[in-house]
Structure formats: C-alpha cells, structure tokens
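A.B. asks: Any chance you can model this:
(one chain, ligands or ions: 1)
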Amino acid sequence: MVKAIAKGLNFVLGKYLQKNKVIVSSSLVYLERDRDIDRNYFDYIRLSSLELVSHEINRRGIKGHVAELGVYKGKFARYINHYFKDRTFYLFDTFAGFDQRDVNLEKDRGLTSGTQDFSDTSVEAVMESMPYPEKCRPVQGFFPDSAKDLQEAFVFVSIDTDLYEPVYNGLRYFYPILVKGGYIFIHDFNNDHYKGARKAVEQFCGEMQINFVPLPDLAGTAIIAK
Ligand SMILES: C[S@@+](CC[C@H](N)C(=O)[O-])C[C@H]1O[C@@H](n2cnc3c(N)ncnc32)[C@H](O)[C@@H]1O
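C.D. replies: The predicted structure is shown next:
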C-alpha cells in the first residue's frame, strides 16, 4: 500500500519533486531489524547513514571514542551522542563561528567568502540539548590548536566545518588516530556553496592514497572508512 502511494506520487509529481531535489524512495525494504530514525530530522540520508554505521561499529564491538568537529548548535551531534550512548563524545568547535584565519585562507584560495555566521551558540546550550551529556566533552577553541593535548583513539568522527583549512586539518588529525573499522563523515563534499570541503577531501585522500564514498544526502557527505 505505502509502496503504491510512493509510486503514485512519483508518477504524478516525480518530475516536479526531482526538479526541487526531493526524492521519494523506499529504503532498506528487506532489512528486518527495527531502525531508530528520528523522522523530524531534515536529512534522512545523513541520519540513516549514521544509524547504519553506528550499528556496524556497535555490533562489532569496535572500541574507540566518537567526535564531531564543527558542532554549531549540536543538531547532528545529538544523534551521534544518541547512537553512541556508551562512548565518550568529544565536541570540537570555537562555539563562536568561523575563525578569521580560516576565512582569509578560504578567500585567498578563491573558494568561498565564509560569511555565514555560526556565532549564535554556546557550550551550555549545546550540552543542554544532548541526550547523554555525561558522556560529552566539549572542546572549545580554534581547531587544530584545541586538540593538541588530547591523546585518544576514535571510531567515528563527523567533520562539518565547511571551509578547506579546518576540514583538511581535521582529516590530518583524525585519520591517523582512527581505529581500524572506524569511519569519518565529511559534510559538504558535494556542496558547491562550500567548495573547500571537497578540495580538502580530495587533497588529503590523494596524499594518503585512500578512497571515499560520496553520499547523496542534502549537502553531499563523503565517508572515509578505515
Ligand atoms: C556548519 S556548522 C556545523 C553544523 C553542525 N555540524 C550541524 O550539523 O548542525 C560549522 C561549524 O564549524 C565550526 N568551525 C569552523 N572552523 C573551525 C575551527 N577551525 N575550529 C573550531 N571550529 C570551527 C564553526 O564554529 C561552526 O559552528
């Protein structure tokens, strides 16, 4: 019945929806386990991919902490905390928006203007929105300087800093300390409004001779698996 509705919707409105970048599609029809996906989150593919990856990591009992570099208000971070509820979760951000040093380099490279304002947040507000705040370790400050005293191993990392410099520095920092079986999600890989993200992934993966998988989510995440 539901499949027939989706088929009908695609038949009648498919062209219009696709033009407006909305896809009506079935997902994981033959998977029998229950999945825990918040349908109020605006990006099904991003969240669904996080759920699948967390399931693999937790099912295989792979050890390691989790992290997000580029947290802003914690909208994606809260799901990382939710799916990895037993793991220490490091949240890296200035919690004051882009750093001018990164923005200047972005402009010099002719990538983006870096004018988006992400300063209307705080550690306190983010912590209040986390389902398991006792597992969260906010690391406030300019990355990578903010990480220099940390000596941890990670199994899942989300990098969502939009600009070339912090994405590239994030990969350089996290990939060597990512455990085998771990994953890095890099947001905005296929986002033409933030061209630095793709450039940083291509540069880093080229240097390391490693590969990535592009996702068709809202901003085009790339996934590196180790
Ligand atoms: C697009 S927002 C993150 C959105 C968030 N991941 C989400 O899904 O809702 C980008 C964030 O990266 C942070 N950021 C960018 N460069 C940074 C740097 N060098 N050090 C620390 N934080 C940085 C900004 O402060 C901003 O909060």
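
A.B. asks: So, low pLDDT: which residues of the protein?
C.D. replies: Scanning the chain for pLDDT under 70 picks out nothing.

A.B. asks: Can you tell me the SS state at the residue positioned nearest the centre of it?
C.D. replies: Against the mean C-alpha coordinate of the chain, by C-alpha atoms, centre = their mean, the closest residue is Ser158 at 3.9 Å. Here Ser158 is recorded as strand under DSSP: H, G, I helix; E, B strand; the rest coil.

A.B. asks: Just list whatever residues bridge to it.
C.D. replies: Note on Ser158: beta-bridge partners by DSSP bridges are Glu68, Phe185.

A.B. asks: The chain should start at 52 in everything you say after this.
C.D. replies: Sure, I'll start counting at 52 from here, so that last one is Ser209.

A.B. asks: So it sits against Ala118, correct?
C.D. replies: Yes: between Ser209 and Ala118 there is a contact at 7.4 Å, judged by C-beta atoms under 8 Å. Any C-beta I mention is one placed from the backbone N, CA and C, and that applies to glycine too.

A.B. asks: contacting residues for the residue found closest to Lys186 once you drop the neighbours it is linked to in the chain?
C.D. replies: In space, and not counting its chain neighbours, Lys186 is closest to Phe140: 5.3 Å by C-beta to C-beta, 6 or more residues apart in numbering. By C-beta atoms under 8 Å, 6 or more residues apart in numbering, Phe140 lies in contact with His116, Val117, Ala118, Glu119, Ala128, Ile131, Asn132, Met181, Tyr183, Lys186, Cys187, Arg188.

A.B. asks: Phe140 and Tyr134, how far apart?
C.D. replies: Look at Phe140 and Tyr134: by C-beta to C-beta, to the nearest Å, they are 10 Å apart.

A.B. asks: of all the residues in the protein, which ones are close to the ligand?
C.D. replies: Residues of the chain lying close to the ligand (C-beta under 6 Å from any ligand atom) are 121-123, 126-127, 143-145, 148-150, 153, 169, 193-194, 211-214, 217.

A.B. asks: repeat that for 8 Å
C.D. replies: 119-128, 143-150, 152-153, 167, 169-170, 172, 192-195, 197, 209, 211-214, 216-217, 220, 238-239 (C-beta under 8 Å from any ligand atom).
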